[in-house]
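[1] generate coordinates for the sequence data below:
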Amino acid sequence: MIIADLNKIAGRKYPARRWTRNLVGGASPIQAKNFSMGYVVLEPNGGQVPWHNQEQEEVYFVVEGTGEMCLGEERQTVTTGQAAFIPSKVFHQITNIGATPLKMIYVYGPAGDVAHWKQELEGTLPKAGVEAPPLPAGAQPQCTRKP
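    Modelled structure (predicted):
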């Protein structure tokens with residue numbers, strides 16, 4: 001049996017103020033062909049998974065906290081116990097709008113790397129409204145700062 005222990009996975013910190021730990025795929029001891037899964041903590045008041053898209057379908061499940069979810073032209077508040085479905089190739093972003101950490105699980109399939117992790121670390125994410133579609137009206141700004 002292969003076990004991935006969240007308490008023993010170092011994970012990675014990203015410039016947009018989040019900590020991501022792979023539970024399935026990436027550096028995890030669990031590897032699957034059909035999906036990847038991870039645990040993410042967004043720092044209070046603005047921690048973010050910035051505006052991006054990918055080939056895979058994805059789901060964000062909010063374990064704890066409150067966020068602003070942007071999906072294509074839509075913007076909505078998501079909170080503890082809610083899951084948001086993200087279709088393939090649709091730009092999306094989630095921002096912690098609360099005063100406590102937002103904890104969430106992501107699952108996407110098929111398995112494999114997604115470009116936005118590397119782009120964020122390099123400071124090369126496509127900018128909303130320039131190289132990518134604009135964010136929905138009133139949305140929190142996309143974090144594109146370099147580390």
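[2] can you give me the strands for the protein?
    12-14, 18-24, 36-42, 48-52, 57-64, 66-71, 74-79, 83-86, 92-96, 102-109 (DSSP state E).
[3] dump the ones you listed into JSON lines; add distance to R145 and mean pLDDT as well.
    C-beta coordinates here come from the backbone N, C-alpha and C atoms, glycine included. As requested, these are exported to JSON lines (distance: least, CB to CB, whole Å; pLDDT from 0 to 100):
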{"stretch": "strand 12-14", "distance to R145": "11", "mean pLDDT": "96"}
{"stretch": "strand 18-24", "distance to R145": "13", "mean pLDDT": "97"}
{"stretch": "strand 36-42", "distance to R145": "16", "mean pLDDT": "98"}
{"stretch": "strand 48-52", "distance to R145": "10", "mean pLDDT": "98"}
{"stretch": "strand 57-64", "distance to R145": "22", "mean pLDDT": "98"}
{"stretch": "strand 66-71", "distance to R145": "18", "mean pLDDT": "98"}
{"stretch": "strand 74-79", "distance to R145": "22", "mean pLDDT": "98"}
{"stretch": "strand 83-86", "distance to R145": "23", "mean pLDDT": "98"}
{"stretch": "strand 92-96", "distance to R145": "14", "mean pLDDT": "98"}
{"stretch": "strand 102-109", "distance to R145": "19", "mean pLDDT": "98"}
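[4] which parts of stretch 48-55 are buried?
    Neighbour-count burial for stretch 48-55 flags Q48, V49, P50, W51, H52, N53, Q54 (criterion: 16 or more other CB atoms under 10 Å).
[5] then it to PDB, C-alphas only?
    Provided in PDB are the C-alpha atoms of stretch 48-55 (Å, rounded to 0.1, in the frame of the first residue of the first chain):
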ATOM      1  CA  GLN A  48      -4.300  33.100  -4.700                       C
ATOM      2  CA  VAL A  49      -4.200  30.500  -7.500                       C
ATOM      3  CA  PRO A  50      -3.800  33.100 -10.300                       C
ATOM      4  CA  TRP A  51      -5.700  33.400 -13.600                       C
ATOM      5  CA  HIS A  52      -4.700  30.400 -15.800                       C
ATOM      6  CA  ASN A  53      -6.100  27.600 -17.800                       C
ATOM      7  CA  GLN A  54      -5.000  24.000 -18.800                       C
ATOM      8  CA  GLU A  55      -6.100  21.100 -20.900                       C
END
